[in-house]
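S.K.: Output the structure for:
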Amino acid sequence: MFDSPAALLNLLLVLLTVGSLFLLAQSVYPRLTWLLQRWRYRNPEQVEPSRIEFELRRVKAIVLLIIIGGATVKLFLERENLLSLFEPLTR
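M.R.: Have a look, this model is predicted:
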């Protein structure tokens with residue numbers, strides 16, 4: 001499926017970046033996941049989460065953004081070193 005480790009690494013970086021962007025959006029607007037899921041309920045106004053739950057979602061999104069965003073930046077900065085580890089395997 002992938003011709004080289006570089007393509008796989010680039011795909012991983014793109015997926016982590018998209019995930020980080022979603023977490024950033026959720027940390028700014030924590031009601032985002034509720035708006036995406038409320039269609040599943042017959043009366044969404046009756047089962048809408050409380051304000052505290054939305055704040056906890058914001059905290060969770062910020063913590064995950066720090067972890068996943070940091071891992072993405074670290075992976076991006078170390079990609080040359082990682083690709084050099086796979087050079088003997090691709091020859």
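S.K.: Please make it C-alpha for all contacts and neighbour counts, starting now.
M.R.: Noted.
S.K.: Quick check: the most centrally placed residue in the chain vs R79, distance?
M.R.: Centroid-nearest residue in the chain, with CA atoms, centre = their mean: G19, separated by 2.1 Å. For G19, the distance to R79 equals 19 Å [CA to CA, to the nearest Å].
S.K.: Also L32?
M.R.: Noted for L32: a distance of 33 Å to R79, by CA to CA.
S.K.: where does G69 land on pLDDT?
M.R.: What the model reports for G69 is a pLDDT of 94.
S.K.: That one - how many residues pack around it?
M.R.: Per other CA atoms under 10 Å, the neighbour tally for G69 reads 20.
S.K.: same check, this time on L64
M.R.: Counted with other CA under 10 Å, L64 comes out at 17.
S.K.: My guess is it contacts L21. True?
M.R.: No: counting by CA atoms under 8 Å, L64 stays clear of L21, with 11.2 Å between them.
S.K.: quick one: low-confidence parts of the protein?
M.R.: By pLDDT under 70, the weakly predicted segments of the chain are 1-2, 89-91.
S.K.: what ranges do the helices span in the protein?
M.R.: With helices called from DSSP state H, the chain shows them at 5-28, 32-37, 51-77, 79-85, 87-90.
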